[in-house]
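>>> Quick one: sequence plus predicted model below, questions after.
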Amino acid sequence: MSEFVARLIEVSEDQRGRVHELSLGAHVLGRGAGADVVLDHSDVSRRHAELTITPEGATIRDLGSKNGFMVDGHKVSQVSLTHGSRVAFGELLLTFEHRGARVDRLLARSGELTVRRPKPASLGATSVASVQSAPSLLVPLVATVTFTLLLTALLVLG
């Protein structure tokens, strides 16, 4: 079972408090039984939108629905979501929560700007990049050998 890192909370009067837990990956939001996240509301199409969850946040895009959706009061067809974003499918209103995005936002608000999540890379690219960017040990090695030879000469001849 995969770990839940985000959730959608229904905040409309008729569905208040209903929670949809989300793991990393793509989730189809819709009214139909084929949707990954079923939103039981007449303003929601059978396959309304796709929500993609990443460690940093999420993106949502319209799947050609009749009514579209709004995020934080703006009608959009695709947008990034952050912790606290409000998504409206007509009269159905949801709040997006994301643990990783929330921590990043709190750290940035407190002045910590060094938070970086490593981007996944293929094994081949990682090993080549680490070999090319690794500092050379040749200079310290030559310095150590030279120092050892000078010290030995000083002790023997000196």
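Thanks, I have the structure now. Predicted, not measured: the structure shown is a model, and the values here were computed from it.

>>> Give me the number of neighbouring residues for L51.
Residue neighbour count, defined by other CB atoms under 10 Å, stands at 23 for L51. Quick note: C-beta positions are derived from backbone N, CA and C, even for glycine.

>>> Now do the SS call for the residue positioned nearest the centre of the chain.
Using CA atoms, centre = their mean, the residue of the chain that lies closest to the mean C-alpha position is E56, 2.1 Å off. Classification of E56 using DSSP: H, G, I helix; E, B strand; the rest coil returns coil.

>>> same question, the one 5 residues further on
Taken by three-state DSSP, the conformation at R61 corresponds to strand.

>>> so after the helix or strand bottoming out on mean pLDDT in the chain, what's the next helix or strand?
In the chain, the helix or strand scored least confidently by mean pLDDT, DSSP states H and E is helix 123-133, which has a mean of 48. Next helix or strand after helix 123-133 toward the C-terminus (DSSP states H and E): helix 138-157.

>>> can you pull the pLDDT of G84?
At G84, the model reports a pLDDT of 89.

>>> swap that for P135, please
Per-residue pLDDT puts P135 at 65.

>>> Next, count neighbours for K75.
Other residues within reach of K75, judged by other CB under 10 Å, total 11.

>>> Buried residues, stretch 83-92. List them.
Neighbour counts over stretch 83-92 (16 or more other CB atoms under 10 Å) mark H83, S85, V87, A88, F89, G90, L92 as buried.

>>> distance between the ends of stretch 16-24?
24 Å (CA to CA, to the nearest Å).

>>> residues in contact with stretch 71-79?
With CB atoms under 8 Å, 6 or more residues apart in numbering as the test, stretch 71-79 has contacts from T59, I60, R61, D62, G68, F69, M70, L81, S85, R86, V87, A88.

>>> what's the closest of those residues to V145?
Here the nearest of the contacts of stretch 71-79 to V145, counting by CB to CB, is T59; it sits at 55.4 Å.

>>> correct me, but that closest one touches S80?
Yes. Between T59 and S80 there is a contact under CB atoms under 8 Å: 5.2 Å.

>>> Leaving out sequence neighbours, find the closest residue to G100.
P55 (5.2 Å; CB to CB, 6 or more residues apart in numbering).

>>> got the buried residues for whichever helix or strand E21 is part of?
According to DSSP H and E, E21 maps onto strand 19-23. Neighbour counts over strand 19-23 (16+ other CB under 10 Å) mark H20, L22 as buried.
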